[in-house]
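Q: sequence isn't available, so here's the structure alone:
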């Protein structure tokens, strides 16, 4: 059926690791070469992902509180994303794991993810 | 063993052909999966499964349809886990770059799951391809924006250095 991999693509892995390395070494709030959010640049409002780079930088330096302030959604969803990558990468056969996959990454979960992102988007702009 | 007076029928689509004797039947263009019935059978059986017709197929390669059956569509139908939903990739595109494109990916990811578990495996497969498409559009948009930022930063540095050299004189 041909190889169709997204996040399993080795080039994505290499690129992602380099990007994470750069984010870990350089503070995005002090260096100008980090990509800016086009939505924030255009509207002055925060998008759901604004602060992700700073949050990751602070996570690498074990400053969890600051990371949470930068982008709480990213910090909270990190375990979910990592588990999702694991579920995607390994070919699951066991029925128990498949049931968990359906619970955590099935249709209802996806709709919930979309709703949470939208609420977070509106909420963080109302709060600040 | 086979009683010669047995009467045979074979099916062509929904049409019933016959009656034939065994000798007459053997002269028809039967395939392995052609349904055949005779008075001692309680239901229609594929010609290939009847012992008295075995000789007919001994030198014939298997039907083309059968080999075609293991193609892409058949593989899709055989799956017992959903195709890749691109959920994680869509979430990353949503958060890290391009919310509208990521959301379209999320919608298609939801379709992959609901269609697969409703038994619509072909539908799930096509939703998976749509999810892949939108996630990739989002990813390359993000990559493009990043390259633009880096390019802009580079131009800025070169310009600053150049201005500084001019000031030195």
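A: Cool, got the structure. Just so we're clear, the structure is a prediction, and the values are computed from it rather than from any experiment. Numbers count the residues shown, from 1 in each chain, chains lettered A, B, ... in the order given.

Q: any idea how far the closest residue to residue A:114 other than its chain neighbours is from residue A:123?
A: Nearest residue to residue A:114, sequence neighbours excluded (Cβ to Cβ, 6 or more residues apart in numbering or on different chains): residue B:106, at 5.0 Å. In this view, the C-beta of every residue, glycine as well, is placed from N, C-alpha and C. Relative to residue A:123, residue B:106 is positioned 19 Å away (Cβ to Cβ, to the nearest Å).

Q: show residues contacting the helix or strand harbouring the residue nearest to residue A:114.
A: Secondary structure assignment for residue B:106, by DSSP states H and E: helix B:99-117. For helix B:99-117, the surrounding residues in contact (Cβ atoms under 8 Å, 6 or more residues apart in numbering or on different chains) are A:39, A:47-49, A:102, A:105-107, A:110-111, A:113-114, A:117, A:121, B:82-87, B:89-95, B:121, B:123-124, B:127-128, B:130-131, B:134-135, B:137-138, B:141.

Q: what does chain A put close to chain B?
A: A:1, A:4-7, A:32-36, A:38-39, A:47-49, A:52, A:73-74, A:77, A:81, A:84-85, A:88, A:92, A:98, A:102, A:105-107, A:110-111, A:113-114, A:117, A:121 (Cβ under 8 Å from any Cβ of the partner chain).

Q: pull the helix or strand with minimum mean pLDDT from chain A.
A: Every helix and strand of chain A was ranked by mean pLDDT, DSSP states H and E. The lowest is helix A:38-43, at a mean of 84.

Q: list the contacts of that one.
A: A:45, A:46, A:47, A:50, B:99, B:145.

Q: what about stretch B:81-101, distance to the chain center?
A: In terms of Cα atoms, centre = their mean, to the nearest Å, the centre of stretch B:81-101 is set 21 Å apart from its chain centre.

Q: among the residues of chain A next to chain B, name the buried ones.
A: A:6-7, A:34-36, A:38-39, A:47-49, A:52, A:73-74, A:77, A:81, A:84-85, A:88, A:102, A:105-107, A:110-111, A:113-114, A:117, A:121 (16 or more other Cβ atoms under 10 Å in any protein chain shown).

Q: now do the strands in chain B.
A: Shown for chain B, the strands assigned by DSSP state E span residues B:8-12, B:15-20, B:35-38, B:45-46.

Q: adding distance to residue B:28, mean neighbour count and mean pLDDT, write these out as a markdown table.
A: Converted to a markdown table, the strands of chain B look like this (distance: least, Cβ to Cβ, whole Å; neighbours: other Cβ atoms under 10 Å in any protein chain shown; pLDDT from 0 to 100):
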| stretch | distance to residue B:28 | mean neighbour count | mean pLDDT |
| --- | --- | --- | --- |
| strand B:8-12 | 6 | 18 | 88 |
| strand B:15-20 | 7 | 14 | 85 |
| strand B:35-38 | 10 | 19 | 88 |
| strand B:45-46 | 14 | 14 | 86 |
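
Q: can I get these in CSV with distance to residue B:59?
A: As requested, the strands of chain B are exported to CSV (distance: least, Cβ to Cβ, whole Å):
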stretch, distance to residue B:59
strand B:8-12, 20
strand B:15-20, 22
strand B:35-38, 19
strand B:45-46, 18
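
Q: PyMOL command for the buried members of the contacts of helix A:38-43?
A: Here is the PyMOL command that selects the buried residues among these (16+ other Cβ under 10 Å):
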select buried, (chain A and resi 46+47+50) or (chain B and resi 99+145)
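
Q: quick one: which of the contacts of helix A:38-43 is nearest to residue B:42?
A: residue B:99 (62.4 Å; Cβ to Cβ).

Q: low-confidence regions, chain A specifically.
A: Where chain A drops to pLDDT under 70, the residues are A:1-4.

Q: show me what the biggest helix by length in it is packed against.
A: Counting residues, the longest helix found in chain A (DSSP state H) is helix A:107-127. Counting contacts by 3 or more Cβ pairs under 8 Å, 6 or more residues apart in numbering or on different chains; DSSP states H and E, helix A:107-127 is packed against helix A:72-89, helix B:87-96, helix B:99-117.

Q: of those, flag the one that's most buried.
A: Compared across the helices and strands packed on helix A:107-127, helix B:87-96 shows the largest average neighbour count, a mean of 26 (mean count of other Cβ atoms under 10 Å in any protein chain shown).

Q: which helices and strands does that helix pack with?
A: Short answer (3+ Cβ pairs under 8 Å, 6+ apart): helix B:87-96 packs on helix A:72-89, helix A:107-127, helix B:99-117, helix B:121-168.

Q: figure out which of those is closest to residue B:58.
A: helix B:121-168 (36.0 Å).

Q: return the distance of the closest one from the chain's centre.
A: 32 Å.
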